[in-house]
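give me the fold of what follows.
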Amino acid sequence: MGLKILVPALLLAVAGCRKQAGPADAANGAGASGPRFSLETVRASERSRSFAAVSRQLELGGVVYGYLDVEGDLARLAGSLHAIVNEFAHEHADIAPVADQDYAALATLLGLTDIKAIGLSSVADAQAQFRNRIFIYTGGERHGLMAGLGGKPGPFKHLDLAPANATFFGETELEVGVVYRTIKDVIAQVGGAPAGNQFELAMKRAGEVVALSLLDLIYGLKGHVAVVARLEPARTVTWPVSPPLISPGVSALVCVDGIAPMVEAAMMRTREFQRTDMEGCHVYRLGRPLTFAGERPVIVAEGGTLYLATSLEFFRECRARSGGLAQSAALRHAWAYVGREGNGLTYMSPEFFEQVRRFAKLNPGLPAQVKALLAFTMARAPDSTQPLVALRTNLDDGLLIRSYSGRSLKQELGGVAVYFPLGMAAALAIPAFHKAQAVSQETAVLNNLRMLAAAADQHYRETGTRVATYDELVGPTRYVKSIQPVAGENYRAIRFARGQSLRIRMPSGRSIEYQP
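Predicted structure coming up:
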């Protein structure tokens, strides 16, 4: 009887989903066709008002689909953060200036309160690759840092620079002037208008050293910035840091639109650079020999575009513009899923992740914390024979990020599911830990004061005096052989006098007193 009831029920359930034939939305890079189903949602009066706008940019039915309405939540979270920091400030006087801030106003200045909802989806294809999407819905005009991510989407201008064997390519549209103004406004909000003005004055003075207006440079950075890199396992580079770090060999090129004229003028004024002309470009090298990562770097100006390359040879290779990454089968395959136009593009080849994984082996003396962080980071990297391709697009109502890789957003959500509870537990445990630590420190300090008080009393009786110094009480041949500070407190600052209590000020500003 159970089967007789179950089978018709299943058939009715399937029939209840109305099938709508038609291809997926090509404009959104779905890259797949097939049946679509209309699913029942809650009544209109109960529905999140951002749900429809977010859902239009996602793919329903894959391994992951998520939607989160955050409208107004960030402002409320900022208020909660203010209360938490104030609580910490009662125990730690050094963070009191941080506590006295309007975090909701800071979140608004940064543009974070523009975010109304977030959605994500992941779909697996026949090649075991994943079409991932994240949509950050703002509903309209963006402010602060959100406004510094460029304007309307378009073709990527510098993709032709990447050779076919490039292991990394990134191109993004930025309006650095907008980001700078946001940072200045935040500084003024935190420290007052004079602090904001002082910040701008410091930026102006910073450019004087190289005869370049740094503010002009910042406001000129309104366009595309591209980075091309190739990691070369056949050679290694020792970086001059402490301790020295070893990495695979690297050839790199950075391309920045719109700033070449002002940078060229500054280089010519300093007379530190030697210029040669090559194929319509101005090539600059420092007059004194300079090596970087085993290469002789160059700065190249072509019209308004500035290039920085690890070597002239790599610059020429990138400028060849034939048979490069843009024509590779792997990238062209990914275009079908992420689209060809946008405001930001990232490409990482499988070889990129392989060479980054070598970093720990090349540097066996890394601190344990760095090794653990590196291992955690690389565990999140895709393990695939296909490249990772991600594209950011500015839409009228938000930011759409599409990627095609061997890793789905489900795995990242799994990480959140593990680490978010740990983070919550840590947030609850940290105040208790600090309280227990403070009690333990106070007990140890009181014990030190008790020993000093006993030594002072003995000194008064033996010498007939009414005062003493730290050096008369503590030392290999004195009453107390040694005193170990607990948290950096200075016992030499104590005033020892007969009949008076001993008091010491802790680095946190709190005083601890011992009454004999």
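
beta partners for the nearest residue in space to Ser403 that is not next to it in sequence?
The shortest distance from Ser403 to any non-neighbouring residue, by CB to CB, 6 or more residues apart in numbering, is to Ala390 (3.8 Å). The way it works is simple: take the backbone N, C-alpha and C, and place the C-beta from them, glycine included. As for beta bridges, Ala390 partners with Thr346, Ser403 under DSSP bridges.

okay, Ala390: pLDDT?
With respect to pLDDT, Ala390 scores 91.

for it, give its distance to Arg296.
Look at Ala390 and Arg296: by CB to CB, to the nearest Å, they are 33 Å apart.

and the residue nearest to Ser403, how far from Gly150?
Ala390 is 15 Å from Gly150, by CB to CB.

how is the residue nearest to Gly365 when sequence neighbours are not counted assigned, secondary-structure-wise?
Once flanking residues are discounted, Gly365 sits nearest to Pro243: 6.6 Å by CB to CB, 6+ apart. The local conformation at Pro243, judged by DSSP: H, G, I helix; E, B strand; the rest coil, is coil.

can you check Gly119 too?
strand.

now it: closest residue in space that isn't a chain neighbour?
Val54 (3.8 Å).

one more: Trp239?
In this structure, Trp239 finds its nearest non-sequential neighbour in Leu245, 4.6 Å apart by CB to CB, 6+ apart.

my guess is that neighbour meets Thr236, correct?
No. Taking CB atoms under 8 Å as the definition, Leu245 is not a contact partner of Thr236, at 10.3 Å.

quick check, Ala229 in a strand?
Yes. Under three-state DSSP, Ala229 sits within a strand.

test my guess that it contacts Thr167.
Yes. The criterion here is CB under 8 Å, and Ala229 meets it with Thr167 at 6.2 Å.

neighbour-wise, which of these two wins?
Thr167 (26 against 19; other CB atoms under 10 Å).

need the contact list for the more buried one.
229-231, 348-349, 351-352, 355 (CB atoms under 8 Å, 6 or more residues apart in numbering).

got it, and Pro153?
Residues near Pro153 by CB under 8 Å, 6+ apart: 341-343, 393-395.

can you pick the most crowded of the residues you listed?
Once you tally neighbours by other CB under 10 Å, Gly342 ends up highest among the contacts of Pro153, having 25 neighbours.

how about the nearest residue to that one, chain neighbours excluded?
Excluding its sequence neighbours, the residue lying closest to Gly342 (CB to CB, 6+ apart) is Thr393, at 4.1 Å.

mind checking how far the residue nearest to Gly119 is from Ala107?
21 Å.

and those two? Which one has more around it.
Higher neighbour count among Val54 and Ala107: Val54, with 23 against 20, using other CB under 10 Å.

doesn't Leu120 make contact with the more buried one?
No. Look at Val54 against Leu120 with CB under 8 Å: they stay out of range, at 9.3 Å.

give me the common contacts of the two.
Common neighbours of Val54 and Leu120 (CB under 8 Å, 6+ apart) are Phe135.

roughly how far does Gln515 sit from Thr443?
Distance of Gln515 to Thr443, computed by CB to CB: 16 Å.

on that earlier part again, which ones among the contacts of Pro153 map onto strands?
341-342, 393-395 (DSSP state E).

between those residues, which sits nearest Arg450?
Of all these, Asn394 has the smallest distance to Arg450: 66.8 Å, by CB to CB.

give me the element Arg332 is part of.
Applying DSSP states H and E as the criterion places Arg332 in helix 329-338.

may I see the buried residues of that helix?
For helix 329-338, a neighbour-count test (16 or more other CB atoms under 10 Å) marks 331, 333-335, 337-338 as buried.

can you put those in a markdown table and add pLDDT and distance to Arg505?
A markdown table is the format used below for the buried residues of helix 329-338 (pLDDT from 0 to 100; distance: CB to CB, whole Å):
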| residue | pLDDT | distance to Arg505 |
| --- | --- | --- |
| Leu331 | 88 | 64 |
| His333 | 87 | 67 |
| Ala334 | 89 | 62 |
| Trp335 | 87 | 66 |
| Tyr337 | 88 | 63 |
| Val338 | 90 | 60 |
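
as CSV, these with distance to Phe376 would be great.
Below are those laid out as CSV (distance: CB to CB, whole Å):
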residue, distance to Phe376
Leu331, 29
His333, 30
Ala334, 26
Trp335, 31
Tyr337, 28
Val338, 26
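
hey, where'd the helices end up in the stretch 151-300 of the chain?
Using DSSP state H, counting those that start in this stretch, the helices of the stretch 151-300 of the chain run over residues 176-191, 193-208, 214-220, 260-270.

which one of those helices lies closest to Ala360?
helix 176-191 (33.4 Å).

dump the closest one to PDB, restricted to CA.
What follows is helix 176-191 as a C-alpha-only set of coordinates in PDB (Å, rounded to 0.1, in the frame of the first residue of the first chain):
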ATOM      1  CA  VAL A 176      41.600  55.700  -7.000                       C
ATOM      2  CA  GLY A 177      40.600  59.300  -6.400                       C
ATOM      3  CA  VAL A 178      37.200  58.100  -5.000                       C
ATOM      4  CA  VAL A 179      39.000  55.600  -2.700                       C
ATOM      5  CA  TYR A 180      41.400  58.400  -1.500                       C
ATOM      6  CA  ARG A 181      38.500  60.700  -0.700                       C
ATOM      7  CA  THR A 182      36.800  58.000   1.200                       C
ATOM      8  CA  ILE A 183      39.900  57.300   3.300                       C
ATOM      9  CA  LYS A 184      40.300  61.000   4.000                       C
ATOM     10  CA  ASP A 185      36.700  61.300   5.100                       C
ATOM     11  CA  VAL A 186      37.100  58.300   7.400                       C
ATOM     12  CA  ILE A 187      40.200  59.800   8.900                       C
ATOM     13  CA  ALA A 188      38.300  63.100   9.400                       C
ATOM     14  CA  GLN A 189      35.400  61.200  11.000                       C
ATOM     15  CA  VAL A 190      37.800  59.400  13.400                       C
ATOM     16  CA  GLY A 191      40.200  62.200  14.300                       C
END
